[in-house]
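1. Here is a sequence with its predicted model. Questions after.
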Amino acid sequence: GDSVTGFRTYLVSEGAPVLGSEGLQEVSIQAYTFPNYYFVRAFWSDTPLAGDKVGVSGVARLQSVTSAATSGGRVLVVVDDRVVSVVAVRKEIADGRLVVRLPPAAPEVQRRVATNLAGRIASGPHPCDVVVVKSSTERR
């Protein structure tokens, strides 16, 4: 129930290991074929994390999260306290590479969803509140 502003986290259930954006090296959009015209791939590195209380790398953290998820088969991708995707996990991921497949949709829709999701995963926590002042775009 606690919320942390600007926090990116990937979790399974209460009390399960948590994976943050520490050690996240790359997020990319990959093109494929029907029904996953596009999907998102994220890569965590094995770089030691400065000041990490848990003392594990990004790869080990991803492995512990996906290992815990194998019983339920799902990892929730939570951005700014909102679930933005659900990732199916069949086995633990030991190489640091997480693949997020998208729901079936037309190619252009999947591309838009993939772009949005990749951008949200790749952006780190914001050091301040972000306020939308105006949501429409004016063209001159």
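-> That came through fine.
2. tell me the secondary structure for residue 90?
-> coil (DSSP: H, G, I helix; E, B strand; the rest coil).
3. Run through the strands of the chain in chain order.
-> Along the chain, the stretches classed as strands by DSSP state E are 8-11, 24-31, 38-44, 74-79, 82-88, 97-101.
4. Quick check: which helices or strands does the longest helix seen in the chain pack against?
-> Longest helix in the chain by number of residues (criterion: DSSP state H): helix 107-122. Other elements packing on helix 107-122 under the criterion 3 or more CB pairs under 8 Å, 6 or more residues apart in numbering; DSSP states H and E are strand 24-31, strand 38-44, strand 74-79, strand 82-88. Every C-beta, even on glycine, is put in place using the N, C-alpha and C of the backbone.
5. Describe which strands the second one pairs with in its sheet and in which direction.
-> For strand 38-44, the paired strands and their directions (DSSP bridges) read strand 24-31 (antiparallel), strand 97-101 (antiparallel).
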